[in-house]
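1. Here is my input, please return the structure:
(2 chains)
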Protein chains: 2
Amino acid sequence: VKIIIVGSTGTVGKAVTQALKNEHDIIHVAHTQGDYRVDITDENSIKKMFNDIGHFDALISTTGQVHFGLLKEFDHEKWQVGLQSKLMGQINLVSHGLKYINKNGSFTLTTGILSDEPIVYGVAASMVNGAINAFVKAAAIEMENGVRINAISPTLIKESAKNYGPFFKGFIPVDAATAAQAYVKSVEGKNTGKIYTVY
Amino acid sequence: VKIIIVGSTGTVGKAVTQALKNEHDIIHVAHTQGDYRVDITDENSIKKMFNDIGHFDALISTTGQVHFGLLKEFDHEKWQVGLQSKLMGQINLVSHGLKYINKNGSFTLTTGILSDEPIVYGVAASMVNGAINAFVKAAAIEMENGVRINAISPTLIKESAKNYGPFFKGFIPVDAATAAQAYVKSVEGKNTGKIYTVY
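-> Purely as a prediction, here's the structure:
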């Protein structure tokens, strides 16, 4: 089937591509590379992407930024990073994608362990992950024509541990290839409204 | 102790006031009435409120708007209602309140059942409630000087059932006075990072 991977140049996106490419047509989308480009913080860019690609069977998002910092140091701009990118960016991929998704298609978004197990500096990530998890459960009951929606909530990814590891003391990392299997479950399975935790 | 209730003119706010007023000094805050006025969508209004009130022991928020509608009909403006009011409005009450809260003080925010049990038209409410629940768990681990933070997640309130009841078929409403006791638990107890469900 035709699968759009938004964020396919990232660590998880590459592993998801690897896991799905032999059986499916992958359309690579990223900010500065890929078959199509998108800035997920810009709704017009998302609309243009869907208009250019046309109909599809599955959309996987493995992208989205949040600001890491102490709660007391957050200001409007720092909150907006997560609100506009990982939160509304992913929500807008769904809401605009609804017009183009084929019958029995699926959306798979990415959240993360921090909504369940917070860390210092991670308050915006926790908030955004909790928002997306609840969005997915709510959006699932409004889907039509057999369309499904799930989220994947991974723990620290082994390949990223050199950058983020110091903030995640005691978290057991999983490799990207393992996390990628949760995306395969979401796309190839029949569940909807589900948060697949990879931890 | 000195308790700020933001949204004290609402159904839940009135009941919380009733439950706490005999033993505490209540400062009533609302949009157009009360001892102080605040527009929680405006950070400068929140800053002014705290500057005017000064130090306090507990802040309870029983306020925040979200847009109700079908996912496929949401646009930027409709998402912004919940993002700016119930989500960032409540988060900004905490982040700006940090400078004024006394030792061993507490913040108590309001979410709701829809993050757990979605309904049609409730996708923004679900998303915002999930965001606040996760924010509260994450913010709790950054609090200093014994300051605590919890959220109250009520089901449909009996006194509001005439307006919202048709969207909540099968939900057993609780009266506002019952929900108010969860706020008392949050303020008078010692838990932190907790989501008190009233359902």
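
2. Following the lengthiest helix in chain A in sequence, what is the next regular element?
-> Across chain A, the longest stretch assigned as helix under DSSP state H is helix A:123-140. Downstream of helix A:123-140, the first helix or strand assigned by DSSP states H and E is strand A:148-154.

3. Next, the residues that contact the helix or strand following that next one from outside, please.
-> Counting by DSSP H and E, the next helix or strand C-terminal to strand A:148-154 is helix A:161-164. For helix A:161-164, the external contacting residues (Cβ atoms under 8 Å, 6 or more residues apart in numbering or on different chains) are A:L156, A:F168, A:P173. To be clear about C-beta, it is placed using only N, CA and C from the backbone, and glycine gets the same treatment.

4. Go through those and name the one nearest B:G89.
-> A:F168 (30.5 Å; Cβ to Cβ).

5. give the contact list for the closest residue to that closest one other than its chain neighbours.
-> Distances taken as Cβ to Cβ, 6 or more residues apart in numbering or on different chains place A:L156 nearest to A:F168, at 4.6 Å, with adjacent residues excluded. A:L156 makes contacts with A:I113, A:Y164, A:G165, A:F168, A:F171, A:I172, A:P173, A:V174, as judged by Cβ under 8 Å, 6+ apart.

6. Pull out the buried residues from the helix or strand bottoming out on mean pLDDT in chain A.
-> Sorting the helices and strands of chain A by mean pLDDT, DSSP states H and E puts helix A:161-164 at the bottom, at a mean of 86. Residues of helix A:161-164 classed as buried by neighbour count (16 or more other Cβ atoms under 10 Å in any protein chain shown): A:Y164.

7. is it fair to say A:V187 lies in a strand?
-> No - under DSSP: H, G, I helix; E, B strand; the rest coil, A:V187 falls outside any strand and is assigned helix.

8. That one against A:L59, yeah?
-> No - contact criterion Cβ atoms under 8 Å: A:V187 and A:L59 do not qualify, at 9.6 Å.

9. shared neighbours, these two?
-> With Cβ under 8 Å, 6+ apart, A:V187 and A:L59 have common neighbours A:I3, A:S106, A:T108.

10. which residues touch the residue of chain A most remote from its centre?
-> Relative to the centre of chain A, and counting by Cα atoms, centre = their mean, the farthest-placed residue is A:K72 at 27.3 Å. By Cβ under 8 Å, 6+ apart, A:K72 lies in contact with B:S95, B:L98, B:E142.

11. Now do the same for the last one: its pLDDT.
-> Confidence at B:E142, expressed as pLDDT, is 98.

12. Quick check: it vs A:K72, distance?
-> Distance of B:E142 to A:K72, given as Cβ to Cβ, to the nearest Å: 7 Å.

13. Show me the contact partners of stretch A:4-12.
-> Contacts of stretch A:4-12 (Cβ under 8 Å, 6+ apart): A:13-14, A:16-17, A:20, A:26-30, A:33-34, A:38, A:40, A:53, A:56, A:58-64, A:93, A:110, A:154, A:157, A:159-160, A:176, A:179-180.

14. Please, where are all the strands along chain A?
-> Listed in chain order, the strands of chain A (DSSP state E) span A:2-6, A:25-30, A:36-37, A:56-61, A:101-110, A:148-154, A:195-198.

15. ok, the second one: who's next to it in the sheet?
-> Right, strand A:25-30. Paired strands of strand A:25-30, with direction, are strand A:2-6 (parallel), strand A:36-37 (parallel) (DSSP bridges).

16. Output these as a markdown table; include the columns mean neighbour count, mean pLDDT and distance to A:A131.
-> Formatted as a markdown table, the strands paired with strand A:25-30 follow (neighbours: other Cβ atoms under 10 Å in any protein chain shown; pLDDT from 0 to 100; distance: least, Cβ to Cβ, whole Å):
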| stretch | mean neighbour count | mean pLDDT | distance to A:A131 |
| --- | --- | --- | --- |
| strand A:2-6 | 25 | 98 | 18 |
| strand A:36-37 | 15 | 96 | 26 |
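
17. Mind checking those strands for the one nearest to B:V123?
-> Using Cβ to Cβ, these put strand A:2-6 closest to B:V123, at 20.4 Å.

18. So which bits of chain A are right by chain B?
-> Within chain A, the residues that sit near chain B (Cβ under 8 Å from any Cβ of the partner chain) are A:43, A:70-72, A:74, A:76, A:79, A:83, A:87-88, A:91, A:94-95, A:98, A:114-115, A:118-120, A:122-123, A:125-135, A:137-142.

19. give me that answer again for 6 Å
-> Taking Cβ under 6 Å from any Cβ of the partner chain as the measure of proximity, chain A contacts chain B at A:71-72, A:74, A:95, A:98, A:115, A:118, A:123, A:126-127, A:130-131, A:133-135, A:137-139, A:141-142.

20. Now A:D52: closest residue in space, sequence neighbours ignored.
-> Among residues not flanking A:D52 along the chain, A:Y36 sits closest, at 5.9 Å (Cβ to Cβ, 6+ apart).
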